[in-house]
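Undergrad: Provide a 3D model corresponding to the input given below.
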Amino acid sequence: MACRAPSVKPQSASNPQGLAEPAGLVSDAPVFATYVHNLDPVIVWVWRGLALRWYGLAYLAGFVVGFLLLRDLARRKLWVLAPEKTADFIAAAALFGVFLGGRLGYILFYFLPKEGFGALAADPLLVFRVWEGGMASHGGILGLVIFTWVYSRKEKVSWTGLGDGLCVVAPVGLFFGRMANFINGELYGRVASGVSWAVKFPVALGDDKAPECAHFDEAAAAVAAVKPGLAPVYQALEAGRTALESGMGANDYLAARGTMFEQMLAANRHSAEVSATLGRFLEPRHPSQLYEALLEGVALFSILWLVRVRCPKAPNGLLTGLFFGCYAVFRIFSEYFREPDAALVGPLTKGQFLSLFMLLFAAGFLVYAWKQHCASELNRPE
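TA: You can find the predicted model right below:
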């Protein structure tokens, strides 16, 4: 949130707040987006800082539905584990695969390249604060690959067969996770002028890489004008900006800016007038979280479930290969609509770059499945 403070025009009858009009923020192309994202990531506050959040509920829903589906496959003899072992497997996969792999993946792939080892050394406990957000799907998938390998050796079952069942239900968790991303207003899409289903995300005001950020102070002034209760917070912001422009340092300004930002987001969730006001300073963007939910969740699950049920004798490794291949293709495609949340790797986003390695995994599993199929055909009695 280190955007430069915008200039402020003198007050006039048509501009009573003295705000610089956000001209040029949105292109001249027709814009049909009217929805300003105002969903609350918190379902209910339990006690003080403890709350039930949609993000946590999404993970819970993913594990519960995944368990039910895997148990159904096991009962139909379409998975290598017995039905009574499904619950223990899902619980262990959640802890050691999804949470551990997803969190470490976020730290390695996103946090450290952006913040450096110094930030981690100063606050090493952030690794465990998953409730603050920060999970990498690529890390979670890699974590599950490692976990299933260890588990298969322990239970003396086929690793590829074990992974096939897990890959069939994994898109369910991806779907719920992406829906939670949308509710949180995070991982939003690129600017999409003229797209009728585009969404305006207020959290972009706090992103120093987004054009909206340059209009933060203007948006704050406008919101304070329609929400008098925020006047003291806005006055602190103005005082901090005055101190910043006087060369007295940015600490007061940044602290007041952070407080104002959180207050604006909170007010937006409960006031249509605040939402309409913020909408003047926001770009219409692709709801890329929903694109990913449909592709990585609904479409991928449909493909894998259909193959599993229609081809009960499919060779081990086929479904795992299809999962890695389809996920990589869907992710690479959807990343063209998603605002990059990390430094680019050449012309590719971080998500696209990591997905290239998944294509190699896919090729390896598909080749293995093909060899298994050929071997079974050769051994089939005449």
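
Undergrad: pLDDT below threshold where in the stretch 151-300 of the chain?
TA: By pLDDT under 70, the stretch 151-300 of the chain has no low-scoring segment.

Undergrad: At which residues are the strands of it located?
TA: Using DSSP state E, counting those that start in this stretch, the strands of the stretch 151-300 of the chain run over 199-200, 284-285.

Undergrad: just those: most buried one?
TA: Greatest average neighbour count among those goes to strand 284-285 (a mean of 26), per mean count of other CB atoms under 10 Å. (C-beta placed from N, C-alpha, C; glycine too.)

Undergrad: roughly how far is that one from the heart of the chain?
TA: On the basis of CA atoms, centre = their mean, to the nearest Å, strand 284-285 sits 17 Å off its chain's mean C-alpha point.

Undergrad: Just the C-alpha atoms of the longest strand along the chain, please, in CSV.
TA: For the chain, the longest strand by residue count, based on DSSP state E, is strand 42-47. The C-alpha atoms that make up strand 42-47 are tabulated as CSV, following Å, rounded to 0.1, in the frame of the first residue of the first chain:
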residue,chain,number,x,y,z
VAL,A,42,-16.6,-14.0,8.1
ILE,A,43,-19.8,-16.1,8.6
VAL,A,44,-20.1,-15.4,12.3
TRP,A,45,-17.9,-14.0,15.0
VAL,A,46,-17.6,-16.6,17.8
TRP,A,47,-15.6,-14.7,20.5
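
Undergrad: Test my guess that residue 220 contacts residue 235.
TA: No - at 10.7 Å, residue 220 and residue 235 do not qualify as touching, with contact defined as CB atoms under 8 Å.

Undergrad: Who has more neighbours out of these two?
TA: residue 220 (26 against 12; other CB atoms under 10 Å).

Undergrad: give the contact list for that one.
TA: 234, 237, 260, 264 (CB atoms under 8 Å, 6 or more residues apart in numbering).

Undergrad: Next, format those residues as CSV and append distance to residue 285 and neighbour count.
TA: Output for the contacts of residue 220, formatted as CSV (distance: CB to CB, whole Å; neighbours: other CB atoms under 10 Å):
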residue, distance to residue 285, neighbour count
234, 26, 23
237, 25, 27
260, 22, 25
264, 18, 25
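
Undergrad: Between which two of the residues you listed is the distance greatest?
TA: Spatially, the most separated pair among the contacts of residue 220 is 237 and 264, at 10.5 Å (CB to CB).

Undergrad: How much space separates residue 178 from residue 164?
TA: 23 Å (CB to CB, to the nearest Å).
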